[in-house]
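# Turn this into a structure:
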Amino acid sequence: MRTTMRKWTIMVAIVVLLSVNSRADAYIEMEDVMRNEILESGYLPYGLAMLEEEPPAPEEERKPVVPEAVKYQVNRGDTLYKIARDFGINVQLLAAANGIQNANALRIGQELEIPAIGGELELPAGEAKVIKKVLSSTLTAYTAGVESTGKTPSSPAYGITYSGSRATEGRTVAVDPNIIPLGSLVYIDGVGVRQAEDTGSAIRGARIDVYMEDVKQARHFGVKKNVKVYVLS
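Numbering: from 1, shown residues only. Got it, this is the predicted structure:
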């Protein structure tokens, strides 16, 4: 009896072991089939695709943008305090940036480095940032039409500036040549770089007339007071 029971136990153990091995072989075979199908189709399940993707390349370290310094050319009557006030900087900072020990020793034509303002003056590429004069101006706008110049499109001089060039929006401004010489480039705060090409009977002192093509736009521009203007060399 005991011998019979032992035989049955051994036989059951053999059957279970064979069953386990058969399932393992079947799983391995099925896994190989799936891998072959994946390779043939070129499709990777999302999770597997993420694992096989190469890690992203590290981003290049961004270098801080350092504003370019601008230079100011000393004029008759300038003082270190006046120049610092015109540029809105500390007079001690201005003196330190230029190694000035005696504030009364400025020379006409001397170029001073103006720190911490270069990033604010968006000048064309390659344009020298040497400022000859700083003005607090009143801005208005004008057109080539009869409402501003008294001329009509049939007039021979319609749209022609005092300097002989054709008035162009985005470039032309009218100035007082006694204050801003014709041909000068000016940087107008809030407007940008313009060229002094025209004059006007009402344009006196630090006032500047900005040329525009559209009458409605010129009227909408209105009058802007105490605008900082930098006259460039």
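
# For the chain, which residues score under the pLDDT cut-off?
Where the chain drops to pLDDT under 70, the residues are 1-69, 116-128, 233.

# element containing the nearest residue to Leu94 once chain neighbours are set aside?
In space, and not counting its chain neighbours, Leu94 is closest to Ala84: 4.7 Å by Cβ to Cβ, 6 or more residues apart in numbering. Every residue, glycine included, has its C-beta placed from N, CA and C. According to DSSP states H and E, Ala84 maps onto helix 80-87.

# by contact count, what packs against the following helix or strand past that helix?
Next helix or strand after helix 80-87 toward the C-terminus (DSSP H and E): helix 91-97. Other helices and strands packing on helix 91-97, by 3 or more Cβ pairs under 8 Å, 6 or more residues apart in numbering; DSSP states H and E, are helix 80-87, strand 111-114.

# contact partners of helix 91-97?
Here helix 91-97 makes contact (Cβ atoms under 8 Å, 6 or more residues apart in numbering) with 80-81, 83-85, 87, 100-101, 103, 112-116.

# which of these tops the neighbour count?
If you count neighbours using other Cβ atoms under 10 Å, the busiest of these is Ile114, which has 26 neighbours.

# so what's it up against?
In this structure, Ile114 makes contact with Ala69, Val70, Lys71, Tyr72, Ile83, Phe87, Ile89, Leu94, Ala97, Ile131, judged by Cβ under 8 Å, 6+ apart.

# neighbours of Leu93, just the number please.
13.

# State the distance from it to Ala174.
Leu93 sits 35 Å away from Ala174, going by Cβ to Cβ, to the nearest Å.

# Please apply the same query to Thr168.
Relative to Ala174, Thr168 is positioned 13 Å away (Cβ to Cβ).

# more neighbours, these two?
Ala174 (28 against 14).

# Quick check: phi and psi at the more buried one.
Main-chain torsions, Ala174, degrees, to the nearest 10: phi -100, psi 140.

# What are the buried residues along the strand ranked longest in the chain?
For the chain, the longest strand by residue count, based on DSSP state E, is strand 130-142. Neighbour-count burial for strand 130-142, counted by 16 or more other Cβ atoms under 10 Å, picks out Ile131, Lys132, Lys133, Val134, Leu135, Ser137, Thr138, Leu139, Thr140, Ala141, Tyr142.

# just to revisit the earlier point, mind listing what the residue nearest to Leu94 touches?
Asn90, Val91, Leu93, Leu94.

# Would you mind measuring from it to Ala97?
Distance from Ala84 to Ala97, counting by Cβ to Cβ: 10 Å.

# Also Leu139?
From Leu139 across to Ala97, the span is 30 Å (Cβ to Cβ).

# So which of the contacts of helix 91-97 is the closest to Gln217?
Phe87 (30.8 Å; Cβ to Cβ).

# Double-check that closest one against Val134; I have them as touching.
Yes: using Cβ atoms under 8 Å, Phe87 is in contact with Val134, at 6.8 Å.

# Quick check: neighbours shared by these two?
In contact with both Phe87 and Val134: Tyr72, using Cβ under 8 Å, 6+ apart.

# Next, please give the residue ranges for the strands of the chain.
70-73, 111-114, 130-142, 172-174, 185-188, 192-198, 208-211, 224-232.

# Which one, of those, ends up nearest to Gln217?
Closest of the strands of the chain to Gln217 is strand 130-142, at 7.5 Å (criterion: Cβ to Cβ).
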